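Asker: how would this look folded up:
(4 chains)
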There are 2 protein chains.
Amino acid sequence: MEKVTIATVAQRAGVSRQTVSNVINTPDVVREETRERVREAISALGYRVNQAARQMRTGRSRLIAVRIEPARDGINGSVLDRFLHGLTDAAGLAGYRVMLYTADGDDAEIATYDELLNAYDLDAFVLTSTHHGDPRTSWLAARDVPFVTFGRPWGAPETHSWVDIDNAAGTAAATEHLLAAGHQRIGFLGWPAGSGVGDARREGWHRALGPWGPVGEATDGVESGAVAARKMLQNDPPTAIVCASDSLALGALQAARELGRECAVIGFDDTAVARAIGLTSVSQPLAEAAGRCMDLLRELLDGHAPSHPTNVLLPPSLVVRQTA
Amino acid sequence: MEKVTIATVAQRAGVSRQTVSNVINTPDVVREETRERVREAISALGYRVNQAARQMRTGRSRLIAVRIEPARDGINGSVLDRFLHGLTDAAGLAGYRVMLYTADGDDAEIATYDELLNAYDLDAFVLTSTHHGDPRTSWLAARDVPFVTFGRPWGAPETHSWVDIDNAAGTAAATEHLLAAGHQRIGFLGWPAGSGVGDARREGWHRALGPWGPVGEATDGVESGAVAARKMLQNDPPTAIVCASDSLALGALQAARELGRECAVIGFDDTAVARAIGLTSVSQPLAEAAGRCMDLLRELLDGHAPSHPTNVLLPPSLVVRQTA
DNA sequence: TTGTAGGCGTTATCAA
DNA sequence: TTGATAACGCCTACAA
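Answerer: All right, here's what the predicted structure looks like:
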């Protein structure tokens, strides 16, 4: 099968190459009859625009890049994967493709931006896992590279569009669910203060509860969660615990079982583990978040760039199962 | 910052563009002194080869494509994600990038090949989830598109290179572990016959056990696994069950608990769920599998194409936890 | 060992 | 409304 180029199509339709190009890119400028003839030729030949050539002229690649976390395992590792799936779907629908890269740390990631931008003329980036003092956004902004973040710009000036999950609303909903079920002493098991996401999740619990309840702190993980939960359950036992992650929730469940204590537990992220063991958990609308990121990117890329950056805050939902 | 092209570098180094190109692509043909001068100019300017332009000349994009499963959740969904992580790492090391696509069914996937090949000049594909009567491999082979599969070509002629996990060895190791622990009645809980992977996992159990033991069949999932396990445990109770997946294993665990039966359980895939609940499970070396796929691809792409396709069969390992 | 000419497939510009 | 021409950045072939 010979290579089909715009010239092949032009010849078959009896027009110039430019006219074919016009049919593809600015159809309204071509007379209807001609347009139809060219379209027939295109589909008869199975012609497809060559992106590399187009890119060379236009400087746009229709490629967007996302970092994939290094091969790593864990209960919560799947959250970004689910976002990635959604983004690939949404990008495909919009005529874009997703290119993956890995980077160990912010500086390495910035070096990768430089490379990808030069070598592949990437159209845009989607950043995940934003955090306080994140150097990536300012680097990109300084170079006028289009990007959106999944995660708000913690502390940084809000100069770009972002999509985020309303974490506080999630733990607030969990807490309200427990209050409605009659619980009064509701504890919170979360991460050490300082991470934006973790602080927001604690804040939601506190907001819904009113007064403070027992608080436990642990780095993420089943083991450390169990240790912290055990302490909570011994000192000042709550009848329910809202947790900042499913891993911590699993630890809390273990601790309660060991101590023979009845204790309702709610996790966060609605991971496969939660589904598997019947853990009530707060679910993030990751596919929707990805779709919104793509929407914002299209605004940026298709020229209709809004003068003000847009922010989207998506509410999570509570999935009630057996543990609460 | 102006765009840095090969011409910029040439000017700065006081040589022709061609000499710069030679330094990049065939350094040994350039006099050392000149080479050094050009290299200095390259790094001083931060020059990077533009892939689109190179691709236009060479027809090679240094891009490989992999399908990402549609946004879907489940205990086993993470297996392919982990493979993807490994592949992105390995590709990056080899100077390639991974492009993602989604496709609903084999035919849609083949249509996507056609598009990606025409539009992006993809260098190669990595196929996952191979199965009996898989039309994808023959389509690619007929067009001389380089590809490897992660998963052997079930039944199809072995005309391409592949990497696979020795599933039978995994369940055999699990069974031997149980035998060594003194178990004698060891059952198997697997998927309906017909899926290559599932059959191999059953085969490994049978091979290690010698005589047949109790067998249960269920489509993958915690619920259906629990139903099938309940039946096994009531009729003809084994003291241990080897399962074809962590989901089924979880179901088996539930069934045993409900019935108040002591029963060792071993799962397959070593998912986050297994780690979280202490389920002994067979672990696939996914990062290594991805690395091997990349190795095979490089052989194919870098011209040293071996006359015979290469096959790599990787042994899984048993991760012993509390359930067996 | 280095330089020159030409073209990969597309689109922007401008003329017809 | 359509077509001719040039250019994007690079590499291959060939000449010097």
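Asker: what segments of chain A are helices?
Answerer: With DSSP state H as the criterion, chain A has helices at A:6-13, A:17-25, A:32-45, A:51-58, A:78-93, A:106-120, A:135-142, A:167-180, A:196-209, A:222-235, A:246-259, A:272-277, A:286-301.
Asker: output the ones you listed as TSV; include the columns distance to DNA strand C and mean neighbour count.
Answerer: No exception for glycine: its C-beta is placed from N, CA and C like everyone else's. Formatted as TSV, those follow (distance: least, C-beta to the nearest atom of the strand, whole Å; neighbours: other C-beta atoms under 10 Å in any protein chain shown):
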stretch	distance to DNA strand C	mean neighbour count
helix A:6-13	3	18
helix A:17-25	4	18
helix A:32-45	10	16
helix A:51-58	3	17
helix A:78-93	19	22
helix A:106-120	16	16
helix A:135-142	24	16
helix A:167-180	43	22
helix A:196-209	41	21
helix A:222-235	53	20
helix A:246-259	47	25
helix A:272-277	43	24
helix A:286-301	14	21
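Asker: a markdown table for those helices, including distance to residue B:27 and mean pLDDT?
Answerer: What follows is the helices of chain A, written out as a markdown table (distance: least, C-beta to C-beta, whole Å; pLDDT from 0 to 100):
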| stretch | distance to residue B:27 | mean pLDDT |
| --- | --- | --- |
| helix A:6-13 | 36 | 91 |
| helix A:17-25 | 38 | 92 |
| helix A:32-45 | 41 | 91 |
| helix A:51-58 | 25 | 90 |
| helix A:78-93 | 38 | 91 |
| helix A:106-120 | 19 | 91 |
| helix A:135-142 | 32 | 93 |
| helix A:167-180 | 53 | 98 |
| helix A:196-209 | 48 | 96 |
| helix A:222-235 | 52 | 93 |
| helix A:246-259 | 50 | 94 |
| helix A:272-277 | 50 | 88 |
| helix A:286-301 | 38 | 94 |
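Asker: contacting residues around stretch A:205-220?
Answerer: By C-beta atoms under 8 Å, 6 or more residues apart in numbering or on different chains, the list of residues contacting stretch A:205-220 from outside reads A:76, A:168, A:171-176, A:179, A:185-193, A:202, A:224-225, A:227-229, A:231-232, A:235-238, A:241-242, A:244-245, A:247-248, A:251.
Asker: let me see the contact set for residue A:80.
Answerer: Neighbours of residue A:80 in contact, by C-beta under 8 Å, 6+ apart: A:68-69, A:128-129.
Asker: taking those, please make a PyMOL selection of just the buried ones.
Answerer: Of the contacts of residue A:80, the buried ones go into a single PyMOL selection, burial set by 16 or more other C-beta atoms under 10 Å in any protein chain shown:
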select buried, chain A and resi 68+69+128
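Asker: now render the contacts of residue A:80 as TSV, adding distance to residue A:293.
Answerer: TSV is the format used below for the contacts of residue A:80 (distance: C-beta to C-beta, whole Å):
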residue	distance to residue A:293
A:68	15
A:69	17
A:128	9
A:129	14
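Asker: which one of the contacts of residue A:80 is nearest to DNA strand D?
Answerer: residue A:68 (27.0 Å; C-beta to the nearest atom of the strand).
Asker: so how far is residue A:156 from residue A:140?
Answerer: Computed with C-beta to C-beta, to the nearest Å, the distance linking residue A:140 and residue A:156 is 12 Å.
Asker: now swap in residue A:114 and tell me
Answerer: Between residue A:114 and residue A:156 the computed distance is 20 Å (C-beta to C-beta).
Asker: ok so, going back, any idea which of the contacts of residue A:80 is least confident?
Answerer: Among those, residue A:69 carries the weakest pLDDT, at 80.
Asker: wait, doesn't it sit right on residue A:83?
Answerer: No - the criterion here is C-beta atoms under 8 Å, and residue A:69 misses it with residue A:83 at 10.8 Å.
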